[in-house]
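# Here's my sequence, what's the structure:
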Amino acid sequence: MMRYLPHWLSCGVLASAGLLGGGLDPALAADLGPPPAPVIEAPAMPSWSYRVTPYGWLTALNGTQTVRGRSVKVNASFADIVEESDTLVALMGDVEARNGPFALMANVVWSKIGVERSNVRSRALAPGVTGSLGTSLGLDIEMAIAEVGAAYEVARFGALAVDVLGGARYWYQEADLSLDVTAAVQVGDLEVAGARAFARSGSVDWLDPLIGARVRYTVAPGHELWLRGDIGGFGVGSDFSWQAIGAYGFELGTYQGITFSGVVGYRALYVDYVQGEGRQRYEFDMLQHGPVIGISAKF
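Predicted coordinates for the structure are as follows:
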């Protein structure tokens, strides 16, 4: 009778009979084969992603510049600087490599800024410098700023992520201050050309440590808002510095696996740096601020 039963039913009957009889028949167990091995899926390993963003920074300046003991007050908008500068904007490049919650960051800024008479006014002489300052005619600053650092995501609340960050910011500057030559102006340590005397700083550089935080918020798929703030200097390089950046990124499209996004925002960077005394005194106590515009590529 059993030969006419379906195969699965006959196997079940035989198995039940074997169990009731004290065990499964060895020959039948060999026919059924070993049970399938459990499938264990390995967890996905996080991978690196990269974002490269060239920017333009429409810079304005507000503060004090001292070159060879002569100090001037600077108050120049972006439009004032564009009129007199060799470059229309400060050129920036930003790179970030991310792996899960960990990220490495780098940023570079280069600018060559010119500010003329209406936005530069004479202020004071450093202690130990005698004579009068003379009328300020212009200020030219060539500057490079480079940042490197790392960030780590410490909290996430849905679309909102919070990073802490740390690193260093390197500054390089050369500043030329031109003054109107009068009988009362001492020009022994200055370069004179016609009716102008030039105070030239030569190369000045320093390195600031920095710490800060960043907030990233996904507004919608392909749209991200982020805010960053940091402080630095602490008397190691400059006396003190701070930075605040806010930006909004929106996807433009994907080409050959690279996602391109537009970026608009605002950046403000302040530093108070002093070195030397008397005729060797150099001071850059300045706030640089203005809109940023760029395009990022993520891959």
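
# So Y170 sits against L207, correct?
Yes: Y170 is in contact with L207 according to C-beta atoms under 8 Å; the separation is 5.2 Å. In short, each C-beta sits where N, CA and C put it, glycine included.

# and the residue lying closest to G212 once chain neighbours are set aside, how far is that from V164?
Nearest non-adjacent residue to G212, counting by C-beta to C-beta, 6 or more residues apart in numbering: D230, 2.7 Å away. Distance of D230 to V164, given as C-beta to C-beta, to the nearest Å: 10 Å.

# Give me the more crowded residue out of the two.
Shown here are D230 and V164; by other C-beta atoms under 10 Å, D230 has more neighbours (22 against 14).

# pretty sure that one contacts W242?
Yes: shown here, D230 and W242 form a contact pair, counting by C-beta under 8 Å, at 7.0 Å.

# Tell me the residues that contact both of these two, please.
Any residue near both D230 and W242 by C-beta atoms under 8 Å, 6 or more residues apart in numbering counts here, and not one turns up.

# pLDDT weak spots in the stretch 51-200 of the chain?
The model of the stretch 51-200 of the chain has pLDDT under 70 over residues 85-89, 182-188.

# Nearest the middle, which residue of the chain would you pick?
By C-alpha atoms, centre = their mean, the chain has its centre lying nearest to N107, at 4.8 Å.

# For the residue nearest to that one when sequence neighbours are not counted, list the residues it contacts.
Distances taken as C-beta to C-beta, 6+ apart put E147 closest to N107, at 4.3 Å, once the chain neighbours are dropped. With C-beta under 8 Å, 6+ apart as the criterion, the residues that contact E147 are M105, A106, N107, V108, G167, A168, R169, Y170, L210.

# before we move on, the earlier item: could I get the buried residue list for the one helix or strand the residue nearest to the centre of the chain maps to?
Secondary structure assigned from DSSP states H and E places N107 in strand 102-116. For strand 102-116, the neighbour count (16 or more other C-beta atoms under 10 Å) marks A103, L104, M105, N107, V108, V109, W110, S111, I113, G114, V115, E116 as buried.

# Paired strands for that strand, with orientation please.
Here strand 102-116 has these sheet partners by DSSP bridges: strand 90-99 (antiparallel), strand 136-157 (antiparallel).

# one step back: what sits in contact with each of D230 and V164?
Common neighbours of D230 and V164 (C-beta under 8 Å, 6+ apart) are I211, G212, A213.

# wait, isn't A103 in contact with E96?
Yes: taking C-beta under 8 Å as the definition, A103 is a contact partner of E96 at 5.6 Å.

# do you know how far E83 is from G114?
From E83 to G114 the distance is 8 Å (C-beta to C-beta).

# again with L190
To G114, L190 is 19 Å away according to C-beta to C-beta.

# show me the contacts for W242.
By C-beta under 8 Å, 6+ apart, the contact list for W242 reads G229, D230, I231, G232, L269, Y270.

# and those, which are buried?
Buried among the contacts of W242 (16+ other C-beta under 10 Å): D230, G232, L269, Y270.

# Any chance of those in a markdown table with secondary structure as columns?
Compiled in a markdown table, those are given as follows (DSSP: H, G, I helix; E, B strand; the rest coil):
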| residue | secondary structure |
| --- | --- |
| D230 | strand |
| G232 | strand |
| L269 | strand |
| Y270 | strand |
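
# Show the contacting residues for A247.
Contacts for A247 (C-beta under 8 Å, 6+ apart) come out as L225, W226, V263, V264, G265, Y266, V292.

# For the helix or strand harbouring it, buried residues please.
Secondary-structure assignment from DSSP H and E places A247 in strand 240-255. For strand 240-255, a neighbour-count test (16+ other C-beta under 10 Å) marks S241, W242, Q243, I245, G246, A247, G249, E251 as buried.

# now A126, nearest residue through space, not along the chain?
Nearest residue to A126 in three dimensions, chain neighbours excluded: G69, at 3.7 Å (C-beta to C-beta, 6+ apart).

# Got phi/psi on the one you found?
phi 80, psi 0 (degrees, to the nearest 10).

# what about it, distance to Y282?
Taken as C-beta to C-beta, the span from G69 to Y282 is 9 Å.

# So which of the two has more stuff around it?
Using other C-beta under 10 Å as the criterion, G69 and Y282 rank with G69 on top: 24 against 20.
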